[in-house]
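for reference, the sequence and a predicted model appear below.
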Amino acid sequence: MFSGLLGKYRAVVISIAMFIILDAGVLVLNFYISSQLAEDASNVNLAGRQRMLSQKTAKALLDYQDLEVNGSKASADASLEELRKAVALFDSTLNAFAKGGDIKGASGEQLFLKPVSTPASRTAVDKSMAIWQPLKQDFDALFASEVGSEKHQRLLRKLVGEERSFNLSLLTLMNDLTVDLEGVARQKSETLRMIQAGAITLAVLNFLLILFHFIGQLRRSDAETEQARNETAEILRTVREGLLLLDRDMIIGSQYSGSISDIFGQQEFAGMSFRTLLKSLVVESDMKTAEEYIKLLLNGSVKENLVVSLNPLSDIEVSLPDRSGGYQVKHLSFRFNRAIDAGQIRHILVTVLDITELVALRAELERASQNSGMQISALKELLHVDKEALVIFLRESESSLAAINDILKERTTGAHDYHDKIRSAFRIMHRIKGDASGLNLPQIVQAAHGFEEQLRALEGVEKLRGGDFLPLTLALNEFFRLIGDMKDILDAFSSPVANLREAAKRPGPAQLDVAMLERLASRIAVEQDKEVKLVIDAPAFDLIPTGQRKVVQDCIVQLVRNSVVHGIEPRDERVLYGKEGAGEIRISMQQDNGQIRVSVRDDGRGISIDKVRERAVQRGMYSQDDIDSMQPTRIISLIFEPGFSTADKADEHSGRGVGMDMVKAAIQQLNGRIRVANRPSRYCEISFVIPGEADAYPVAEAV
Amino acid sequence: MKRLMIVDDSLIIRRRIKRAHGLDEFSVVGTASNGEEAVALARQTAPDLITIDLTMPHMDGIEAIPLLASICPDARILVVSALADKATAITALSRGAHGFVCKPFTDDELHDALSELAADLPAR
């Protein structure tokens, strides 16, 4: 961390260190030169004293010569003493100037004098020594000789003479020394001033360096901060996600992304409580849960990624104000993340995403994948189906659906008409269902069944209006699409396609589709947990006019279905009645006097007249009185009336009472008649007679 | 070896957790089928880690978690439950649990969750 700091502030630290070193150096130099200056000053003083002493010696010598002769003994002694001192001081000082040594300072203190070093001083000192040394010897001899003696007198005269000749030289030399030492001192103080000026200049430069460095760095870091701030603002402005920070009290921070305003509307969020924001979006209990969840995240001992799945706001549907002032339903996804700083959970980062489009897309994808699921299973179904029959079925179904569409679109005047519409549509759809069931196309069967359910729901509505039929139109379109898809698949997988197209043009099947009937019977039987075998004797099918064969086959399909569902009993019940376990359904077709007689006979429980009575009253078809007055044959004919059903619950095979009224309507169209032969507990045979190829019968009343 | 206690009313889930792969670093010191048993067992075994279901007879997870947290204050508690209701799970966690794993879970999910919680345990 320290090295990091040093790294960042290296320049500053070095500058400051230099500043300190520089200052310390100047200080040391100052001390040194100051002491030198003091020394020089004392040297100058001493040199001055020498100059003075040279004169004093001369004067003292002359005074002594005078006093020695004319003065009192005391004054002569004092004068001699003064001379002695002056000589001794001059000598010691001059010697010290020459070789260095301890001397007595101006105020009597002891100090060490270094030998002079400059050439001028040296010359002056050396010359002085040359003059002084002989003089000194004479002075010493004088001081050693007895006062008043001849020797003393002679030495005194000699010295006075020498002094006269050398005094001026000595004075000049001492003056030279003084001047030179003064020069040295001046030069040194000059140097000191230079050094001080230089050091101060350097220090100032250093200071300026530091200053500029700091200012530069500050400006740079300010610029960087500014740039970072701008970048942050830019990010917050453009990021699609709504971003905001919550503190530990769930207060929204000052920085949040612009999308927050896009999502929640224009207002100030900084400082607002997150609760306030949520309050308008979710119910109280959800808000509490969200709050608890955020508290969990603020609790450091709870593992953040082990509670993500509990986020209660990961996908919520909310109503939000839109730009036009209204409200808009949106899907929002909130995400919460810990913002950790220095090991502490300081904030919760909230990310808000508008996932409305995503949710819509997801729904679309689901639909698409269901659709593709349809295609695959439809494809599987198609692989097992007789292609010719399928082509015919698809073509006919399309026209049937078109017919239903026409019926639904037709203008109607009253509720009665609406109910007629429903019944007509029901009949047509029921036939499609029967065919699809026969071809083993469960998807179509299911779609048809679903459509029937919708019709049935409408039937129960008392005051029908045009708008009630809208959902039907949608369902019908879906159905159209389903048939269209199947055609596409068929086209894609059939080769050559042209053959099939041709086959589709053929008006009707050449033979009764025995295989289809058997499949149908056994499939329904299995579903009903019954056993059934089909006996088919249909030599006369090709006598039926080609245009009618399909209708006849449809009727047979319906009758066989009716037999399996309503006629044939479960195995146990049959065994109880002493019958074979498997029920038998016999389809026969005979030509008789140019007419074709088709019959479907089962050996089941027959039609219970009582049950039919009961049912007809229950369903409100007739009053109890009407029923009571009816003959048994009339009662049985009720099963062909619209809306009759004796099965207890509606499944796709029966129970709508439509199949039989469709048969009746179809036979009537073919100018045929229906007959019912019934023996309760033993059998039921429903047969119809239609005109053969040659001529058409006149319209006859059925039953 | 971290000491693991499993609390779930379903025998199948208890076995499922016990036998999950990759849990070799944990030793199962006890299993309990409801909150009451869990509290008693926790006193005896002092587990480091506890997995606990929320819906259980006698005493459910919501009630048991604060008791377990006070009996073994250092233990890390992992709620392993079906995510029927987020609010209930959040309440459970706020009462002293430390993580949540949703049923059904994979061995890896369980192992990762337990390891993450074990990392927070004080060294012994």
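Right, received. Where do you want to start?

A:Ala141: how many residues sit nearby?
15 (other Cβ atoms under 10 Å in any protein chain shown). In this view, the C-beta of every residue, glycine as well, is placed from N, C-alpha and C.

so who does the closest residue to it other than its chain neighbours touch?
Once flanking residues are discounted, A:Ala141 sits nearest to A:Leu155: 5.4 Å by Cβ to Cβ, 6 or more residues apart in numbering or on different chains. For A:Leu155, the contacting residues are A:Asp138, A:Ala141, A:Leu142, A:Ser145, by Cβ atoms under 8 Å, 6 or more residues apart in numbering or on different chains.

quick check, pLDDT for A:Leu155.
Per-residue confidence at A:Leu155 stands at 87 (pLDDT).

hang on, A:His331 in a strand?
Yes: under DSSP: H, G, I helix; E, B strand; the rest coil, A:His331 sits within a strand.

quick one: contacts for it?
With Cβ under 8 Å, 6+ apart, A:His331 has these contacts: A:Asp315, A:Ile316, A:Glu317, A:Val318, A:Asp354, A:Ile355, A:Thr356, A:Leu358, A:Val359.

could I get the contacts of A:Leu155 as TSV with distance to A:Ile627 and pLDDT?
Converted to TSV, those look like this (distance: Cβ to Cβ, whole Å; pLDDT from 0 to 100):
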residue	distance to A:Ile627	pLDDT
A:Asp138	186	87
A:Ala141	188	88
A:Leu142	187	86
A:Ser145	191	86
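
which one of these has the most neighbours?
A:Leu142 (23 neighbours).

do I have it right that it meets A:Glu162?
No: between A:Leu142 and A:Glu162 there is no contact under Cβ atoms under 8 Å: 11.0 Å.

near chain B, which residues of chain A are found?
Contact residues, chain A versus chain B (Cβ under 8 Å from any Cβ of the partner chain): A:285, A:288-289, A:292-293, A:295-296, A:299, A:301-303, A:305-307, A:309-312.

which ones among those map onto strands?
Assignment to strands by DSSP state E places none of the residues of chain A next to chain B there.

which among those end up buried?
A:288-289, A:292-293, A:295-296, A:302-303, A:306-307, A:310-312 (16 or more other Cβ atoms under 10 Å in any protein chain shown).

what is the burial count for residue 45?
In the absence of a named chain, chain A is used. There are 14 residues near A:Asn45, going by other Cβ under 10 Å.

sorry, I should have been clearer: chain B.
B:Thr45: 16 neighbours (other Cβ under 10 Å).

can you tell me the closest non-neighbouring residue to it?
B:Val29 is the one closest to B:Thr45 (Cβ to Cβ, 6+ apart), at 4.3 Å.

could you pull up phi and psi at the one you found?
Backbone geometry at B:Val29, expressed as degrees, to the nearest 10, gives phi -100, psi -10.

which residues touch it?
For B:Val29, counting by Cβ under 8 Å, 6+ apart, the contacting residues are B:Arg3, B:Leu4, B:Met5, B:Thr45, B:Pro47.

next step: those residues restricted to helices.
Assigned to helices by DSSP state H, the following of those qualify: B:Thr45.

now restrict the contacts of B:Val29 to buried residues only.
Buried among those by 16+ other Cβ under 10 Å: B:Arg3, B:Leu4, B:Met5, B:Thr45, B:Pro47.

for B:Met56, state which of those is nearest.
When the buried ones among the contacts of B:Val29 are ranked by distance to B:Met56 (Cβ to Cβ), B:Met5 comes first, at 13.8 Å.

grab the nearest non-local neighbour of that closest one.
B:Pro47 (3.8 Å).

ok, that neighbour to B:Leu54 distance?
18 Å (Cβ to Cβ, to the nearest Å).

cool, A:Glu317 as well?
Relative to B:Leu54, and taking Cβ to Cβ, A:Glu317 is found at 26 Å.

of the two, who's got more company?
B:Leu54 (24 against 12).

doesn't B:Ile77 make contact with that one?
No: with contact defined as Cβ under 8 Å, B:Leu54 does not reach B:Ile77; the gap is 11.6 Å.

list the contacts of the residue nearest to A:Asp286 when sequence neighbours are not counted.
Closest residue to A:Asp286 apart from its sequence neighbours, by Cβ to Cβ, 6+ apart: A:Pro312 at 6.2 Å. Applying Cβ under 8 Å, 6+ apart, we find A:Pro312 in contact with A:Asp286, A:Thr289, A:Ala290, A:Tyr293, B:Lys86, B:Ala87, B:Ile90.

check contacts around the third one.
To tie it back to what came earlier, the one meant is A:Ala290. A:Leu278, A:Val282, A:Pro312, A:Leu313, A:Phe334.

name the nearest residue to the fourth one, ignoring sequence neighbours.
By the measure of Cβ to Cβ, 6+ apart, the closest residue to A:Leu313 outside its immediate chain neighbours is A:Phe334, 3.7 Å from it.

next one: the second one
Excluding the flanking residues, the one nearest A:Val282 by Cβ to Cβ, 6+ apart is A:Ile316, at 6.2 Å.

quick one on the thing from earlier: of the buried ones among the contacts of B:Val29, which belong to strands?
Using DSSP E, those in strands are B:Arg3, B:Leu4, B:Met5.

save these as TSV, and put in pLDDT too.
Output for these, formatted as TSV (pLDDT from 0 to 100):
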residue	pLDDT
B:Arg3	93
B:Leu4	94
B:Met5	95
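
out of these, the closest to chain A would be?
B:Leu4 (15.9 Å; Cβ to the nearest Cβ).

show me the contacts for the closest one.
B:Leu23, B:Phe26, B:Ser27, B:Val28, B:Val29, B:Pro47, B:Asp48, B:Leu49, B:Ile50, B:Thr51, B:Leu114.

just the residues you listed now: which is nearest chain A?
When the contacts of B:Leu4 are compared for distance to chain A (Cβ to the nearest Cβ), B:Leu114 wins out at 10.0 Å.

may I ask which helix or strand of chain A has the lowest mean pLDDT?
Ranking every helix and strand in chain A by mean pLDDT, DSSP states H and E puts helix A:497-505 at the bottom, with a mean of 45.

give the next helix or strand downstream of that helix.
Under the assignment DSSP states H and E, the closest C-terminal helix or strand after helix A:497-505 is helix A:514-527.

what helices or strands is that following helix leaning on?
helix A:415-439, strand A:532-537, helix A:546-562, strand A:583-592 (3 or more Cβ pairs under 8 Å, 6 or more residues apart in numbering or on different chains; DSSP states H and E).

now distance to A:Gly25 too, for the ones you listed, in CSV please.
Output for the helices and strands packed on helix A:514-527, formatted as CSV (distance: least, Cβ to Cβ, whole Å):
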stretch, distance to A:Gly25
helix A:415-439, 110
strand A:532-537, 122
helix A:546-562, 119
strand A:583-592, 126
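
by mean pLDDT, show me the worst of those.
helix A:415-439 (a mean of 81).

now the following helix or strand past it: average pLDDT?
Per DSSP H and E, the first helix or strand lying C-terminal to helix A:415-439 is helix A:442-459. Mean pLDDT, helix A:442-459: 84.

quick check: buried residues in the helix or strand following helix A:442-459?
Of the helices and strands lying after helix A:442-459 in sequence (DSSP H and E), the nearest is helix A:470-493. Within helix A:470-493, the residues scored as buried using 16+ other Cβ under 10 Å are A:Leu472, A:Ala475, A:Leu476, A:Phe479, A:Leu482, A:Ile483, A:Asp485, A:Met486, A:Lys487, A:Ile489, A:Leu490.

out of these, who's nearest A:Gly101?
For those, the nearest to A:Gly101 is A:Asp485 (130.5 Å; Cβ to Cβ).
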